[in-house]
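**Student:** this one's structure only:
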DNA sequence: CTAATAGTTAAGTGGATGCTTCAGTATTCG
DNA sequence: CGAATACTGAAGCATCCACTTAACTATTAG
């Protein structure tokens, strides 16, 4: 989990992911739009592969990279579970406040 | 965006978030289940607040922290957009392969 | 007032990160 | 073959990160 969020926490790596969403790419294709050196791109690639977000294989002298969306969905699930909990909590809070409101109302209702 | 994913990339910080999903908590309450020093917790809290995921205010000598789920949903949106793109891409690829399959099939179909 | 509680600040440390440059190694083209 | 291409590895460097300890400032309780 740590590694996935860490992988997503860098703008260059997110740009690489975005590029790969259009289809597989070589290392140099990934590097082209970025303003960093090729070795730096390779290092980012290591991070992405280490997190499981990207997969790559080498054929001849070119390494082709592509997305492995399972890791992404793991991260997505973590967040959305938390959001769901939060919303549930808000619901419970709402019910509680409603009940309180009712009680206060009946308390305030002057007993005939 | 960087800061949100970075905030989520640490297990202690995610534990703090999980604790806060049960309701507001003081700094020491956040620290109790963690095996790190209080100042370390405060530093994590700074990171969480800097990312917008957590909000806090001090009353007397106790600082109360609570979740601010907007930042979380920002991160969730980033990921789910990418997953959606990926699925769309898979669909397009599927269509393409279907077409290819049709063509090959009609090619192979012996002209009477 | 004194002591306990809750948190804050500051300084330091070891290790990771992101980046560079330079020097390789394969692979493919002419 | 020699030259261009596509990476890969290693070293170095500044900065950041997570964490610590120690000293400090409120605030509240006895």
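**Tutor:** Noted; the coordinates are in hand. All figures in this text were calculated on a predicted structure; none of them were measured in a lab.
**Student:** what kind of secondary structure is residue A:35 in?
**Tutor:** coil (DSSP: H, G, I helix; E, B strand; the rest coil).
**Student:** now do it against chain B, distance only.
**Tutor:** 16 Å (C-beta to the nearest C-beta, to the nearest Å). Every C-beta, even on glycine, is put in place using the N, C-alpha and C of the backbone.
**Student:** could you do residue A:5 as well?
**Tutor:** Counting by C-beta to the nearest C-beta, the gap from residue A:5 to chain B is 4 Å.
**Student:** work out for me the element that residue sits within.
**Tutor:** Residue A:5 belongs to helix A:2-8 when elements are defined using DSSP states H and E.
**Student:** can you mark which positions in that helix are buried?
**Tutor:** Buried residues in helix A:2-8, counting neighbours by 16 or more other C-beta atoms under 10 Å in any protein chain shown, are found at A:4-8.
**Student:** over to stretch A:18-38?
**Tutor:** Across stretch A:18-38, burial judged by 16+ other C-beta under 10 Å covers A:19-21, A:25-27, A:29-31, A:34.
**Student:** ditto for stretch A:71-86
**Tutor:** By neighbour count on 16+ other C-beta under 10 Å, the buried set for stretch A:71-86 is A:71-72, A:75-76, A:78-80, A:82-83, A:85-86.
**Student:** likewise stretch A:38-53?
**Tutor:** The neighbour-count check on stretch A:38-53 (16+ other C-beta under 10 Å) flags A:41, A:44-45, A:47-48, A:51-53 as buried.
**Student:** now render those residues as TSV, adding pLDDT and distance to DNA strand C.
**Tutor:** Output for the buried residues of stretch A:38-53, formatted as TSV (pLDDT from 0 to 100; distance: C-beta to the nearest atom of the strand, whole Å):
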residue	pLDDT	distance to DNA strand C
A:41	98	8
A:44	98	6
A:45	98	11
A:47	98	5
A:48	98	10
A:51	97	10
A:52	97	15
A:53	97	13
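**Student:** do you have the strands of chain A handy? List them.
**Tutor:** Counting by DSSP state E, one finds strands in chain A at the ranges A:25-26, A:54-59, A:62-67.
**Student:** quick one, what contacts residue A:54?
**Tutor:** A:16-17, A:20, A:45, A:48, A:65-68 (C-beta atoms under 8 Å, 6 or more residues apart in numbering or on different chains).
**Student:** circling back: out of the buried residues of stretch A:18-38, which touch DNA strand D?
**Tutor:** Restricting the buried residues of stretch A:18-38 to those near DNA strand D by C-beta under 7 Å from any atom of the strand leaves A:26-27, A:29.
**Student:** and of the residues you listed, the nearest to chain B?
**Tutor:** The closest of these to chain B turns out to be residue A:29 (C-beta to the nearest C-beta; 16.4 Å).
**Student:** quick one, what contacts the residue of chain A found nearest DNA strand C?
**Tutor:** Proximity of chain A to DNA strand C (C-beta to the nearest atom of the strand) peaks at residue A:60, 2.1 Å away. Under the criterion of C-beta under 8 Å, 6+ apart, residue A:60 has no contact partners.
**Student:** what of residue A:14?
**Tutor:** With C-beta under 8 Å, 6+ apart, residue A:14 has these contacts: A:8, B:1, B:78.
**Student:** and the residues you listed, which is the shakiest by pLDDT?
**Tutor:** Here the lowest pLDDT out of the contacts of residue A:14 sits on residue B:1, with 92.
**Student:** and that one, how many neighbours?
**Tutor:** Counted with other C-beta atoms under 10 Å in any protein chain shown, residues neighbouring residue B:1 total 15.
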